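>>> please work out how this folds:
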Amino acid sequence: MIDLGEIVFKTINVGTVSAGGTVEGSYTPEADYIIRKIIAVEKNDASLSNVTATFWIDNVPFTREVIPLGILQGYHTQVPPVEKKLGRGSTFKYSITNNYGASREIFLVLELETV
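Residues are numbered from 1 along each chain as shown. As a prediction, this is how the structure comes out:
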């Protein structure tokens, strides 16, 4: 039998990203985790294909370039795995740029597994 950690979800309310605007933020966990997935949700069900993002853990980027946030939007089984360690006291940082002509309201949902 495989001993798996507990799965928990952390929702980050990015808020409104205005047309042409950029929002940055961070999250520091209270326990050791593995980020299994990052799921992007637009609160009004709008597309995120022309919204770009960069992610870091402790100032080390794990997106080598900006990525379209739309690849993280969709059904759970469609979102690619991340599989990155996020230790207690580490910082997960994001930068999101909206390239649309209208604002977007965004949640990032981190699927975390305890280690």
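
>>> list the buried residues of stretch 34-52.
Neighbour-count burial for stretch 34-52 flags 34-42, 48, 51-52 (criterion: 16 or more other Cβ atoms under 10 Å). All C-beta atoms are positioned from the backbone trio N, CA, C, and that covers glycine.

>>> filter these down to the ones in strands?
Among these, the members falling in strands (DSSP state E) are 34-42, 51-52.

>>> out of those residues, which is nearest to residue 109?
Closest approach between these and residue 109, by Cβ to Cβ: residue 39, at 4.3 Å.

>>> in space, what's closest to the closest one - neighbours in sequence excluded?
residue 109 (4.3 Å; Cβ to Cβ, 6 or more residues apart in numbering).

>>> list the contacts for the one you found?
By Cβ atoms under 8 Å, 6 or more residues apart in numbering, residue 109 lies in contact with 9-12, 38-41.

>>> that'll do, ta.
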